[in-house]
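Asks: Give me coordinates for this.
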Amino acid sequence: MLPYFEQPVWQIGPLSIHAFGIAVAVAVWFGLTIAQQRFAHLGLDPQVGQRLGGWMLVGGILGAHLFSVLLYFPHKLRDDPWLILRIWEDISSFGGILGGLAAALIFFAKRARDEDRRSKLAYLDAIAFVFPAALAIGRFGCALAHDHPGTVTTFPLALSLRTDAALGYLDGVYRAAGLALPPGARTMGFHDLGLYEFLFLSLVVVPLFVRWSRRRRPAGFYLVAFAALYLPVRFGFDMLRVADVRYVGLTPAQWVAALIMAALPFVALRHRNLRFAISGAVILAAGWACAGGGP
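Replies: Model (predicted):
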């Protein structure tokens with residue numbers, strides 16, 4: 001198993017700089033910068049793309065916070081209503097994705113009405129092409145912070161619980177969920193879901209996108225490909241969480257993933273040119289499921 005380490009923190013006067021914050025900042029910078037290059041490569045207007053990216057960034061920040069506090073931590077909101085305004089606390093990647101897409105729809109309706117439907121889809125697809133790499137950088141920050149801990153396991157890529165720091169950390173996670181660590185936990189490890197997602201994105205999704213980019217793809221291809229590749233795996237990873245809030249047995253992220261996955265066959269039926277993205281991703285997802293559904 002992998003050794004546990006504490007998140008790097010740098011102290012600059014009264015300011016604490018966490019590795020997670022640096023990773024998120026780099027992810028945002030990388031995503032916006034490479035998206036601009038992608039717009040130019042596809043012959044799209046970089047200025048429209050830049051404005052779209054700004055709108056999606058703001059929408060993503062708001063969506064990440066609102067999705068988290070309203071669906072994952074409603075008890076916190078009841079105890080502290082002002083939490084709704086502290087957008088830097090309690091964020092969710094799924095909320096960020098949904099918020100970004102909502103902001104894009106508003107942008108196209110209010111600020112880019114002259115763009116036709118195909119052009120709008122092309123702008124979104126350019127961002128979707130870059131998004132997995134940016135998300136991977138963000139998930140690297142999650143891996144450094146261990147902020148998505150899962151259950152105890154003997155999986156080889158788990159983080160070892162042999163040290164007092166690791167055992168104390170996971171014991172706190174279990175206690176917060178009203179649970180106790182199983183006997184012999186020190187000889188085991190725990191799933192670091194941020195690490196797993198970073199590995200999946202950087203070793204599977206990003207290389208596939210780079211390979212597919214060697215040929216011109218129809219607008220919407222990478223949007224659909226990302227959904228078809230990422231959502232089944234993310235759905236499975238959420239099964240490994242210690243005690244996230246669940247609605248009828250599923251986490252909020254799993255419900256969103258399930259609804260979008262259910263819509264993909266209808267997308268394939270209506271858009272022949274996107275079937276390659278969906279079918280290829282389904283084959284990969286089926287292989288992942290046959291391997292046991294993850295760690």
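Asks: Going along the chain, name the helices of the stretch 1-150 of the chain.
Replies: 19-41, 46-67, 74-79, 93-110, 117-145 (DSSP state H, counting those that start in this stretch).
Asks: which one of those helices has the lowest average pLDDT?
Replies: The minimum mean pLDDT among the helices of the stretch 1-150 of the chain belongs to helix 74-79 (a mean of 90).
Asks: CA atoms of that one as CSV?
Replies: Below are the C-alpha coordinates for helix 74-79, written out as CSV (Å, rounded to 0.1, in the frame of the first residue of the first chain):
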residue,chain,number,x,y,z
PRO,A,74,-28.3,20.7,4.8
HIS,A,75,-27.8,20.3,8.6
LYS,A,76,-24.9,22.7,8.5
LEU,A,77,-27.1,25.2,6.7
ARG,A,78,-29.9,24.9,9.3
ASP,A,79,-27.4,25.6,12.1
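Asks: coming back round to it: looking at the helices of the stretch 1-150 of the chain, spot the one closest to residue 238.
Replies: Ranking those by proximity to residue 238 (Cβ to Cβ) places helix 93-110 first, at 9.9 Å. Bear in mind the C-beta positions are built from the backbone N, C-alpha and C, glycine included.
Asks: Give me the helices and strands touching that closest one, please.
Replies: The elements that helix 93-110 packs onto, with contact taken as 3 or more Cβ pairs under 8 Å, 6 or more residues apart in numbering; DSSP states H and E, are helix 46-67, helix 117-145, helix 252-270.
Asks: Pick the most buried one from the ones you listed.
Replies: helix 117-145 (a mean of 21; mean count of other Cβ atoms under 10 Å).
Asks: so that one versus helix 93-110, what angle?
Replies: Put simply, helix 117-145 runs at 150 degrees to helix 93-110, going by axes from the mean of the first three to the mean of the last three Cα atoms, to 10 degrees.
Asks: Distance from the chain centre to helix 117-145, please.
Replies: Remark: helix 117-145 is offset 9 Å from the chain centroid, using Cα atoms, centre = their mean, to the nearest Å.
Asks: same for it, what does it pack against?
Replies: helix 19-41, helix 46-67, helix 93-110, helix 193-200, helix 206-212, helix 221-238.
Asks: closest one to residue 201 among the helices of the stretch 1-150 of the chain?
Replies: helix 117-145 (3.8 Å).
Asks: Next, the angle helix 19-41 makes with the closest one.
Replies: Using the same axes, to 10 degrees: helix 117-145 against helix 19-41 is 160 degrees.
Asks: so helix 117-145 versus helix 221-238, what angle?
Replies: Using the same axes, to 10 degrees: helix 117-145 against helix 221-238 is 30 degrees.
Asks: What residues are recorded as beta-bridge partners of residue 11?
Replies: Beta bridges link residue 11 to residue 16, judged by DSSP bridges.
Asks: Look at it and say how many residues are nearby.
Replies: When neighbours are defined as other Cβ atoms under 10 Å, residue 11 has 8 of them.
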